[in-house]
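**Student:** Fold the following for me, if possible:
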Amino acid sequence: MAELTIDEKFEQELKQADIDHHTPTAGAMTGHILSNLVIQASKLQQAAWYVKGPERFSLVPKFTELLAQSQQLSSELGHLLLDEGEVPPSTTADYQKYSMLEESGKNKYFTATAIVDATVHDYDTENLFIDRAIKLAEKEERPALAAFLVKLRGINNHNIRDLQFYLGNDARTGLDEEDDDDD
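**Tutor:** From the prediction side, this is the model:
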């Protein structure tokens with residue numbers, strides 16, 4: 001049998017991605033996580049460049065640290081997906097399609113507090129996908145993928161706590177439904 005052309009291979013990839021995203025698999029859900037990490041890196045770069053006010057001197061190093069962390073984790077996750085026989089998202093169009101984080105040029109004009117709060121909510125959004133991917137990886141008996149995702153969940157939880165404490169909040173303030181209830 002003749003080897004597939006580049007166009008045929010890419011067409012197969014697109015068909016499989018469509019199938020995997022309609023009946024979610026651990027690999028497909030992890031593709032969303034990878035895309036979130038890449039978009040998050042862009043948002044963290046923007047935050048480090050544009051955060052203003054007296055908080056700038058403490059926040060620029062933190063955003064720079066989180067940016068490096070996000071880039072490292074996305075690289076590790078991409079390699080892990082390849083190890084698992086998956087085809088990770090790898091283009092800007094893919095990242096935009098699969099990410100649930102929203103970018104905006106307007107964010108550069110946010111106050112420091114609003115930038116930190118938005119970052120907290122981005123990590124919390126990422127955790128929704130991580131939790132689902134962990135369950136799928138466990139169900140599909142993919143222990144290496146599940147272990148990485150559990151580690152990523154812990155990293156995100158730590159980042160949420162750090163940023164929430166900066167805002168004077170407890171770790172889950174404003175993130176859980178019960179926080180929105182008036183008792």
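**Student:** CA only for contacts and neighbour counts going forward, please
**Tutor:** OK.
**Student:** Residue 149 and residue 138: what is the separation?
**Tutor:** 11 Å (CA to CA, to the nearest Å).
**Student:** Neighbour count: those two, which is higher?
**Tutor:** Comparing residue 149 with residue 138 by other CA atoms under 10 Å, the one with more neighbours is residue 149, at 24 against 15.
**Student:** Restricting to C-alpha, output stretch 79-87 in CSV.
**Tutor:** Listed next in CSV are the C-alpha coordinates belonging to stretch 79-87 (Å, rounded to 0.1, in the frame of the first residue of the first chain):
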residue,chain,number,x,y,z
HIS,A,79,5.7,15.5,24.6
LEU,A,80,3.6,13.4,26.8
LEU,A,81,0.7,13.4,24.3
LEU,A,82,3.1,12.4,21.6
ASP,A,83,4.4,9.6,23.9
GLU,A,84,0.8,8.5,24.3
GLY,A,85,0.3,8.3,20.5
GLU,A,86,-1.8,11.5,20.4
VAL,A,87,-1.5,14.4,17.9
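**Student:** Show me what counts as buried in that stretch.
**Tutor:** Using 16 or more other CA atoms under 10 Å as the test for burial, stretch 79-87 gives 80-81, 86-87.
**Student:** roughly how far out does that stretch sit from the chain middle?
**Tutor:** Distance, stretch centre to chain centre, for stretch 79-87: 17 Å (CA atoms, centre = their mean, to the nearest Å).
**Student:** contact partners of that stretch?
**Tutor:** 13, 27, 30, 88, 145 (CA atoms under 8 Å, 6 or more residues apart in numbering).
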